[in-house]
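> Quick check, what structure comes out for this input:
(chains A and B)
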Amino acid sequence: KQEVTQIPAALSVPEGENLVLNCSFTDSAIYNLQWFRQDPGKGLTSLLLIQSSQREQTSGRLNASLDKSSGRSTLYIAASQPGDSATYLCAVTGANNLFFGTGTRLTVIP
Amino acid sequence: DTGVSQNPRHKITKRGQNVTFRCDPISEHNRLYWYRQTLGQGPEFLTYFQNEAQLEKSRLLSDRFSAERPKGSFSTLEIQRTEQGDSAMYLCASTQRRQAPEQYFGPGTRLTVT
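Numbering: from 1, shown residues only, chains lettered A, B, ... in the order given. Next comes the predicted model:
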């Protein structure tokens, strides 16, 4: 069964700092990897999707990388802002559904 | 495109009662998924539909749970004889085809069983 792990579980940084969130998965036979943002008590907002044939995707201040062979992905956030405070979840796509990590809770301190 | 919608957003019920949630996917998305998320955890897959056919069910989906998608559009998730352990956020997502880019999630239904 696919296991997805996210490190760290929580992270606090001062505003303006660059940061990296880590995601690892045990089964490299994935179709896609998706990063989501979740605000407290809310649903999931898709941030970036990396298809299995790709190595990275960028959107604004966000950059996600994928190394399928080592079972790792990183989400890089540049010039963090207080509005970035949320839980970030990574999920890998199996044959029919997503397998999620437990998330990294990010707090950006003004 | 109005996104995935879910109703109700919050539900409080007493143990032993039945509850039903509704999900309306993005139109023309033929795949619809249900997930459950408990506090501090990532969402866990429950079941998915391709059009009106329910193609896979997780072992998390006990016999008290039933999901339908009668016309291949909206879906309902019913929980019978609710237990306190059923308290969670129930999330619905849709996508256009198998292995497609991005599953799009609704805002979720928060269930509290007292």
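
> Which residue would you name as the spatial centre of chain B?
B:W34 (3.4 Å; C-alpha atoms, centre = their mean).

> and that residue, bridged to which residues?
Taking DSSP bridges as the rule, B:W34 bridges to B:T47, B:C92.

> Could you report the distance from it to A:Q51?
24 Å (C-beta to C-beta, to the nearest Å). All C-beta atoms are positioned from the backbone trio N, CA, C, and that covers glycine.

> residues near whichever residue of chain A sits closest to chain B, how many?
When distances are taken as C-beta to the nearest C-beta, chain A reaches nearest to chain B at A:F100, 3.1 Å away. A:F100 has 24 neighbouring residues, counting by other C-beta atoms under 10 Å in any protein chain shown.

> Next: the one 4 residues further on.
Neighbour count for A:T104, taken as other C-beta under 10 Å: 21.

> residues contacting it?
A:T104 sits next to A:Q6, A:I7, A:P8, A:A9, A:A10, A:L11, A:L21, A:N22, A:T87, A:Y88 when contact means C-beta atoms under 8 Å, 6 or more residues apart in numbering or on different chains.

> again, 10 Å this time
A:6-11, A:19, A:21-23, A:75, A:86-90 (C-beta atoms under 10 Å, 6 or more residues apart in numbering or on different chains).

> Report the buried members of those residues.
A:Q6, A:L11, A:L19, A:L21, A:C23, A:L75, A:A86, A:T87, A:Y88, A:L89, A:C90 (16 or more other C-beta atoms under 10 Å in any protein chain shown).

> out of the residues you listed, who's near chain B?
Intersecting the buried ones among the contacts of A:T104 with the surroundings of chain B, defined as C-beta under 10 Å from any C-beta of the partner chain, gives A:Q6, A:T87, A:L89, A:C90.

> between those residues, which is closest to A:F36?
Nearest to A:F36 among these: A:L89, at 4.5 Å, using C-beta to C-beta.

> In chain B, what residue lies closest to chain A?
B:G42 (3.1 Å).

> Next, count neighbours for that residue.
Neighbour count of B:G42, defined by other C-beta under 10 Å: 22.
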